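A.B. asks: test case, fold it:
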Amino acid sequence: MKISHEILSWTEANATRDVLWRAENGTPAPKKLILADDTLTADQAYRLAAEGCGLLWQGDFQNARQLLQAMARRCDRPVKKPRKPAPVVTDPAQLFNLHRQAQSQRARILAMLLIPLSREYVIGLKRAPEVVQACTEVYGAPSETDSILSLRELQSLIGAHEWRKKGVLIPALAEHIHPYYGVFSPLRGEYIELVTQVALPTTELAFDIGTGTGVLAAVLALRGVPKVIATDLDQRALNCARENIQRLGFASQVSIVQADLFPEGKAGLIVCNPPWVPARPSSPIEQAIFDPDSRMLRGFLAGLAAHLDKNGEGWLLLSDLAEHLGLRSRATLLEWISQAGLQVLGKTDIKPNHPKIADETDPLHQARALETTALWRLAAIK
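C.D. replies: Here you go, the predicted model:
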C-alpha cells in the first residue's frame, strides 16, 4: 500500500509554512486547509470535513479528542428516511459493498481533523500526550521537517504502541506475542488453536507463508519442528517476527526471510493463513483481512505443489466469511485447489469466538454468525 508523503503549505501570521503530510494508509492530503480551535462546534466541523476541508487543530488536544467523538456520532446517526422508501437489500455481497462504502465515507470525514507534529515528534498543543516513542516506532528517526497527520492516525499509532508494549497472550505458547503497527495482531486465536491440534506430518522443515508477527512459526517450533522458514514481504512484519522469535527463544529453529510467498526449496509442511476476504484494504492493518482478487490465496495454492516434499502437506488456514458474504463460493475454492494439482486430505473446523458474532447491530451479523475457520490439509496429486 502506498504511503502518502506530500508537502502542505499555508500562510500563518504573514509567514508561509511548509510541512510534511503523513498518512500510512496512502490517503492524499486535503486540498483545502483551515486553522481550527476550541471555538469550532461539532456541527461546523462535521460539515467542513464532509466537504473535504482539513481542520488543522490549534486548540486544546483533549478537546480535539472530544470533537472527533462528536463528529463520529454525527457520522453514525440514522439517515433521515426518504419520501420514497429505498428497496430492501438482502444480497450479502451488496450488503457488504454498501457497508464498506459507508465505512470508507466515515473514515474520510473523521480523517479531516488534523494534528501538528514537530520534527522531534512533539505535539505543541495544550494537554497533548507524549508520542515520541509511538511515532518513532512507525515513522523512524525524527525527520528534518514538521508534519501533519490525522488525529485518527495518531490514535492508531498510540494504540499500536501500547499493544506492542503489552503484547497478546497466546495460550498455545504460554507467552505473549508483541505486534507492530500495521502487522495483524493474533487476537483471534482460533487459527492458532487449529495448528496446535492437527497432527504434524513427519518433517524436518516447515515453511510459514506470510508470517506476520511470527506466531505460527513459533507454534511450529514449540511443537518440535527442527527448522522453520517464515516468510513475509512487509518489512515491518519481518522486523516484528524477528523480535518475537528472538524473545521466545526460537531463533535457532526459525529463520525469517523476505519473500513474496515461498522461499527457495521444498518442505514437508507449508502453512499459510492468507487474508479471508477478496476486497481492497483501506489501511495497512486491513491487508491481513482483505486481499483483492484473492491474490495471496491463489498464489499460495498455485505454488504449493512445487514446494512440497514427497508426502508433504500444505495447511491452508481460512475463514469462510467470504462465502457467507457471497464474495467467493466454496466451489470456486475447490476448483482453485484442483487446478493447482492438489487434493484435500482432510479439513478441521472451528468456530470463531469474537464480539462481532453476537452483535446483532452489525450489518454483517448474519454472515459473521455463520462463519467457520478451517484448516485444510492439502497434498500434491501423485
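
A.B. asks: could you tell me which residues make contact with residue 227?
C.D. replies: With contacts taken as Cβ atoms under 8 Å, 6 or more residues apart in numbering, residue 227 has the following neighbours: 204-206, 253, 255. C-beta coordinates here come from the backbone N, C-alpha and C atoms, glycine included.

A.B. asks: mind checking which helix or strand the nearest residue to residue 259 once chain neighbours are set aside is in?
C.D. replies: Using Cβ to Cβ, 6 or more residues apart in numbering and skipping the chain neighbours, the partner closest in space to residue 259 is residue 231 (4.2 Å). Here residue 231 sits within strand 227-232, counting by DSSP states H and E.

A.B. asks: buried set for that strand?
C.D. replies: Of the residues in strand 227-232, those with enough neighbours to count as buried (16 or more other Cβ atoms under 10 Å) are 227-232.

A.B. asks: which among those residues gets closest to residue 132?
C.D. replies: The shortest gap between residue 132 and any of the buried residues of strand 227-232 belongs to residue 232, at 27.3 Å (Cβ to Cβ).

A.B. asks: contacting residues for that closest one?
C.D. replies: With Cβ under 8 Å, 6+ apart as the criterion, the residues that contact residue 232 are 210-212, 238, 241, 256, 258-259.

A.B. asks: just residue 93 next, same as before
C.D. replies: Contact analysis of residue 93 by Cβ under 8 Å, 6+ apart lists 325-327.

A.B. asks: quick one on the thing from earlier: distance to residue 156, pLDDT and secondary structure for the contacts of residue 232 - can I get that in TSV?
C.D. replies: TSV is the format used below for those (distance: Cβ to Cβ, whole Å; pLDDT from 0 to 100; DSSP: H, G, I helix; E, B strand; the rest coil):
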residue	distance to residue 156	pLDDT	secondary structure
210	22	96	coil
211	22	97	coil
212	17	95	coil
238	21	97	helix
241	21	98	helix
256	25	98	strand
258	25	98	strand
259	28	97	coil
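
A.B. asks: quick check, nearest of those residues to residue 278?
C.D. replies: Using Cβ to Cβ, residue 210 is the member of those that sits closest to residue 278, with 15.6 Å.

A.B. asks: setting the sequence-adjacent residues aside, check what's closest to residue 60.
C.D. replies: Counting by Cβ to Cβ, 6+ apart, residue 126 is the residue found nearest to residue 60 once chain neighbours are left out, at 4.7 Å.

A.B. asks: relative to residue 62, how far out is the one you found?
C.D. replies: The spacing between residue 126 and residue 62, counted by Cβ to Cβ, to the nearest Å, is 8 Å.

A.B. asks: neighbours around residue 199, how many?
C.D. replies: Number of residues near residue 199 (other Cβ atoms under 10 Å) recorded here: 7.

A.B. asks: which element, helix or strand, includes the residue nearest to residue 60?
C.D. replies: Following DSSP H and E, one finds residue 126 outside all helices and strands.

A.B. asks: now residue 70
C.D. replies: helix 61-76.

A.B. asks: same check on residue 187?
C.D. replies: Here residue 187 is assigned to no helix or strand, by DSSP H and E.

A.B. asks: measure the residue nearest to residue 60 to residue 69 for me?
C.D. replies: As defined by Cβ to Cβ, residue 126 lies at a distance of 18 Å from residue 69.

A.B. asks: check residue 106 too.
C.D. replies: Applying Cβ to Cβ, the value for residue 106 to residue 69 is 13 Å.

A.B. asks: those two: which is more packed in?
C.D. replies: With other Cβ under 10 Å as the criterion, residue 106 and residue 69 differ in neighbour count, and residue 106 comes out ahead with 15 against 11.

A.B. asks: ok so, going back, out of the contacts of residue 232, which are buried?
C.D. replies: Applying 16+ other Cβ under 10 Å to the contacts of residue 232, the neighbour count classes 210-212, 238, 241, 256, 259 as buried.

A.B. asks: want to try CSV for those, with distance to residue 296 as columns?
C.D. replies: Compiled in CSV, these are given as follows (distance: Cβ to Cβ, whole Å):
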residue, distance to residue 296
210, 7
211, 13
212, 12
238, 16
241, 17
256, 18
259, 12
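
A.B. asks: which members of the residues you listed define the maximum pairwise distance?
C.D. replies: So, the buried ones among the contacts of residue 232 by Cβ to Cβ: farthest apart are 212 and 259, at 13.7 Å.

A.B. asks: circling back to that earlier point, filter the contacts of residue 93 down to just the buried residues.
C.D. replies: The neighbour-count criterion (16+ other Cβ under 10 Å) marks 325, 327 among the contacts of residue 93 as buried.

A.B. asks: which one of the contacts of residue 93 sits closest to residue 297?
C.D. replies: Of all the contacts of residue 93, residue 327 has the smallest distance to residue 297: 11.9 Å, by Cβ to Cβ.
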